[in-house]
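Peer 1: Any chance you can model this:
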Amino acid sequence: MKIPDESHPITITRAPSTVRVLFEGHEIADSDDVLVLKEANYPPVYYFPRDDVRMVFLRRTDKVTHCPYKGDASYFTIYRDAQVIENAVWSYEDPFPAVGQIGNRVAFYPEHVEFQLGDLTAAETEALNVDEVVRHTDSGSGSSQAERWPSNVDMPDPDQVERDIDTPYRGVGSL
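Peer 2: Next comes the predicted model:
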């Protein structure tokens, strides 16, 4: 066991606001009791209390890793909406005393989930104005409901002739 020091600092602070975790657009964790662990020059890690994580979508795996500063980490696989992401979540269930605050909390690999920071819950966020989002939907009349956007391409040059370049199966009797 190594003790964090100035050569390998570890700090644990409380997140200043609510933190949500989205997996494939679905909320999988939401808490205002999140701890932020900053270790040496690694990116910060959010540790969530298990009561604020939808553990029903997580299954423990056999994977265990050891950190000389934190202890043994157990891993979980996310199962949600036919998506399976193995070992995407970890937990230090019995961490070393220097980081005891993260005990029995879970953390998520950021490449598999999206973190949202803020004081508002999903229900409290302002709904989008559909007219601002859907600008060029055909109303059924055959014309756009909004002004057309300017073209982002030029018209083809009529003097340029396209040629068949590297046409596969040419001359072999196929269509």
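
Peer 1: How about the contacts made by the residue nearest to Pro95 when sequence neighbours are not counted?
Peer 2: Nearest residue to Pro95, sequence neighbours excluded (CB to CB, 6 or more residues apart in numbering): Gly71, at 4.5 Å. For the C-beta atoms, the positions are set from N, CA and C on the backbone; glycine is no exception. For Gly71, the contacting residues are 1, 92, 94-96, 99, by CB atoms under 8 Å, 6 or more residues apart in numbering.

Peer 1: what pairs with Gly71 across the strands?
Peer 2: On the basis of DSSP bridges, Gly71 takes part in beta bridges with Cys67.

Peer 1: For it, give its distance to Trp90.
Peer 2: Counting by CB to CB, to the nearest Å, the gap from Gly71 to Trp90 is 11 Å.

Peer 1: How about Gly103?
Peer 2: Taking CB to CB, one finds Gly103 at 13 Å from Trp90.

Peer 1: who's more crowded, these two?
Peer 2: The neighbour count for Gly103 versus Trp90, taken as other CB atoms under 10 Å, is higher for Trp90 (21 against 16).

Peer 1: helix, strand or coil for the more buried one?
Peer 2: Three-state call for Trp90 (DSSP: H, G, I helix; E, B strand; the rest coil): strand.

Peer 1: Return the distance of it relative to Ser7.
Peer 2: Taken as CB to CB, the span from Trp90 to Ser7 is 24 Å.

Peer 1: again, but for Phe76
Peer 2: 31 Å.

Peer 1: and the two? which has more neighbours close in?
Peer 2: Neighbours per residue (other CB under 10 Å) separate Phe76 from Ser7, with Phe76 holding more: 22 against 7.

Peer 1: wait, isn't that one in contact with Arg60?
Peer 2: Yes. Phe76 is within contact range of Arg60, at 5.6 Å (criterion: CB atoms under 8 Å).

Peer 1: Residue ranges in the chain under the pLDDT threshold?
Peer 2: Scanning the chain for pLDDT under 70 picks out the ranges 119-149, 151-175.

Peer 1: Let me see the ranges of the helices in it.
Peer 2: 130-133 (DSSP state H).
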